[in-house]
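Trainee: attaching a predicted model along with its sequence, questions to come.
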Amino acid sequence: MVGGDADLLRETIHQFLHAANYVVDAAYDGEWVETRKSALHEETYADVRDRTELHSNHVQSARDRAVDALKSVVAKWSKGESATLPTFTTPFCEYNQRNATFHNDHATLATVDGRVTVEYVFPDENRDTPHSEYLRSDEWETTGATLHYRNGSFYLHVRTKANVDVPNRPENGTVLGVDLGIENLAVTSTGQFWSADELNHWRQEYVERRQSLQKCGTRWAHENIQSVGRKEAGRFGQHLHCVANEIVEEAVETNCSHIAFENLTGIRERMTNLRRFHEWAFRRLYDYVSYKAEERGISVEQVSPNYTSQRCSTCGFTHEQNRPSQELFCCQDCGYENHADYNAAKNIGLKLLRDQTGSEGGAPVGVRLNTGMLNANGVVPVPDSVRAGVHGESPRL
Ligand SMILES: [Zn+2]
């Protein structure tokens, strides 16, 4: 490799680590830690693009690595273990099929200034190693790679995947319950929240633009309304794809075999204030989750929505007064208190279990829950030790 190319790769790695650390910093506001990719994307993507010369896929991969590291720290906290917020120091950089091209004996990798070509040097060329086999075989598809820099050398760990996909359904099935709503588009029984703010905001903008065009009444305005409509549908659709991906990822990460939604039929009669637009968004989201989940061997089901918002997910007591406000659930019998949408998500998961009692093989046996108290954004509170600025040794990542 020529010296200039090595410099470009080192600088790319440097900026990649900077991007990941930037996302970690943004995730922590001194009190809460944000672990949702969509929220962190909104918050950091433009900034990181401004501050670095990284390829857009590097910006996304750096964010994903930061989210993974944050999630594992949060998981430790929830088990009562101590852990500090992650810091990325070990030099590495992620590649996928959009910022790298993998060939039999070389690859081209995006850097902060165009692409460079790197020749592979297989470990121990004389022995019969499987490395080159995987790269040369048609049965294995290269899905991405991690570039490491150690002791003055670059190492490319290439990931391959067999072209036959056999989804592995987790045994002893577990359900992820999902509640859909106007304020929070989706809330899972594991305590992940996806706000509907963006969708509601875009919708509002669209309605206003359409109204002003309608006042014109010309043929041009009419055509323009249609094109605005198509653009908006695309924008909403893309956002819903993102949320669907994250819901499926949540199910995979928490090892769920089933995802339960409430039955969408007649949802506009049940939920006051629900616009046709929301119903459209819910159906889209449900469809996207269905097919994305199927690819991962997870089944998606709808359950009867009766009383999911008024029923206590802890003791089963069902009463209208359990819902003193839109956001709060407070059981009048056992005193259980939590975010109302989260309580509903648990009930939706539990409902699927009850519906399936007595059926055979593959039926779920439990609901994946978050045992903690959640705030309205579903973000996780930081333990006092971390909040007080007690930064121990950072985990090596
Ligand atoms: Zn109760």
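Mentor: On my side now, so go ahead. Numbers count the residues shown, from 1 in each chain.

Trainee: isn't residue 367 right next to residue 347, touching?
Mentor: No: contact criterion CB atoms under 8 Å: residue 367 and residue 347 do not qualify, at 9.3 Å. Quick note: C-beta positions are derived from backbone N, CA and C, even for glycine.

Trainee: can you map out the helices along the chain?
Mentor: Remark: helices assigned in the chain by DSSP state H are 3-27, 37-51, 56-78, 130-136, 197-216, 219-253, 267-270, 276-295, 340-356, 384-387.

Trainee: and these as a markdown table, adding mean pLDDT, distance to the ion and mean neighbour count?
Mentor: Below are the helices of the chain laid out as a markdown table (pLDDT from 0 to 100; distance: least, CB to the ion, whole Å; neighbours: other CB atoms under 10 Å):
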| stretch | mean pLDDT | distance to the ion | mean neighbour count |
| --- | --- | --- | --- |
| helix 3-27 | 94 | 33 | 19 |
| helix 37-51 | 92 | 31 | 16 |
| helix 56-78 | 90 | 22 | 20 |
| helix 130-136 | 58 | 54 | 14 |
| helix 197-216 | 82 | 30 | 14 |
| helix 219-253 | 82 | 26 | 16 |
| helix 267-270 | 82 | 22 | 13 |
| helix 276-295 | 91 | 28 | 17 |
| helix 340-356 | 88 | 10 | 25 |
| helix 384-387 | 49 | 29 | 14 |
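
Trainee: common neighbours of residue 367 and residue 347, please.
Mentor: residue 177 (CB atoms under 8 Å, 6 or more residues apart in numbering).

Trainee: which among the helices of the chain is found nearest to residue 99?
Mentor: helix 56-78 (4.3 Å; CB to CB).

Trainee: packing partners of the closest one?
Mentor: helix 3-27, strand 32-33, helix 37-51, strand 92-96, strand 380-381 (3 or more CB pairs under 8 Å, 6 or more residues apart in numbering; DSSP states H and E).

Trainee: pull the CA atoms of the third one into PDB?
Mentor: Provided in PDB are the C-alpha atoms of helix 37-51 (Å, rounded to 0.1, in the frame of the first residue of the first chain):
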ATOM      1  CA  LYS A  37     -30.800   4.900  17.000                       C
ATOM      2  CA  SER A  38     -33.500   7.100  15.500                       C
ATOM      3  CA  ALA A  39     -33.200   9.700  18.200                       C
ATOM      4  CA  LEU A  40     -29.400   9.800  18.100                       C
ATOM      5  CA  HIS A  41     -29.500   9.900  14.300                       C
ATOM      6  CA  GLU A  42     -31.600  13.000  14.500                       C
ATOM      7  CA  GLU A  43     -29.400  14.600  17.100                       C
ATOM      8  CA  THR A  44     -26.000  13.800  15.700                       C
ATOM      9  CA  TYR A  45     -26.000  13.000  12.000                       C
ATOM     10  CA  ALA A  46     -25.800  16.500  10.500                       C
ATOM     11  CA  ASP A  47     -23.300  17.600  13.200                       C
ATOM     12  CA  VAL A  48     -21.000  14.600  12.500                       C
ATOM     13  CA  ARG A  49     -21.200  15.200   8.700                       C
ATOM     14  CA  ASP A  50     -20.200  18.800   9.300                       C
ATOM     15  CA  ARG A  51     -17.300  18.000  11.600                       C
END
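
Trainee: how near is the nearest residue to residue 94 once chain neighbours are set aside to residue 101?
Mentor: Nearest residue to residue 94 in three dimensions, chain neighbours excluded: residue 61, at 3.8 Å (CB to CB, 6 or more residues apart in numbering). The gap separating residue 61 from residue 101 is 16 Å, by CB to CB, to the nearest Å.

Trainee: ok, back up a step: would you reformat the helices of the chain as CSV and include distance to residue 111?
Mentor: Below are those laid out as CSV (distance: least, CB to CB, whole Å):
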stretch, distance to residue 111
helix 3-27, 4
helix 37-51, 16
helix 56-78, 9
helix 130-136, 21
helix 197-216, 33
helix 219-253, 27
helix 267-270, 49
helix 276-295, 32
helix 340-356, 43
helix 384-387, 35
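
Trainee: nearest to residue 313, out of the ones you listed?
Mentor: helix 340-356 (3.7 Å).

Trainee: any idea how far the closest one is from the middle of the chain?
Mentor: The chain centre lies 21 Å from the centre of helix 340-356; the measure is CA atoms, centre = their mean, to the nearest Å.

Trainee: residues near the nearest residue to residue 27 once chain neighbours are set aside, how many?
Mentor: Spatial nearest neighbour of residue 27, excluding adjacent residues (CB to CB, 6+ apart): residue 34 at 4.5 Å. When neighbours are counted by other CB atoms under 10 Å, residue 34 registers 19.

Trainee: cross-check the contact I'm expecting between residue 34 and residue 40.
Mentor: Yes: at 5.9 Å, residue 34 counts as touching residue 40 under the criterion of CB under 8 Å.

Trainee: give me the common contacts of the two.
Mentor: With CB under 8 Å, 6+ apart, residue 34 and residue 40 have common neighbours 26, 27.

Trainee: name the nearest residue to the residue in the stretch 151-300 of the chain positioned nearest to the ion, ignoring sequence neighbours.
Mentor: Nearest residue of the stretch 151-300 of the chain to the ion, counting by CB to the ion: residue 189, 16.2 Å away. In space, and not counting its chain neighbours, residue 189 is closest to residue 177: 3.7 Å by CB to CB, 6+ apart.

Trainee: list the contacts for the one you found?
Mentor: So residue 177 contacts 188, 189, 260, 345, 346, 347, 348, 349, 350, 351, 352, 367 (CB under 8 Å, 6+ apart).

Trainee: tell me what the first one is bridged to.
Mentor: Read it as residue 188. Note on residue 188: beta-bridge partners by DSSP bridges are residue 178.

Trainee: contacting residues for it?
Mentor: Residue 188 touches 176, 177, 178, 179, 247, 250, 345, counting by CB under 8 Å, 6+ apart.
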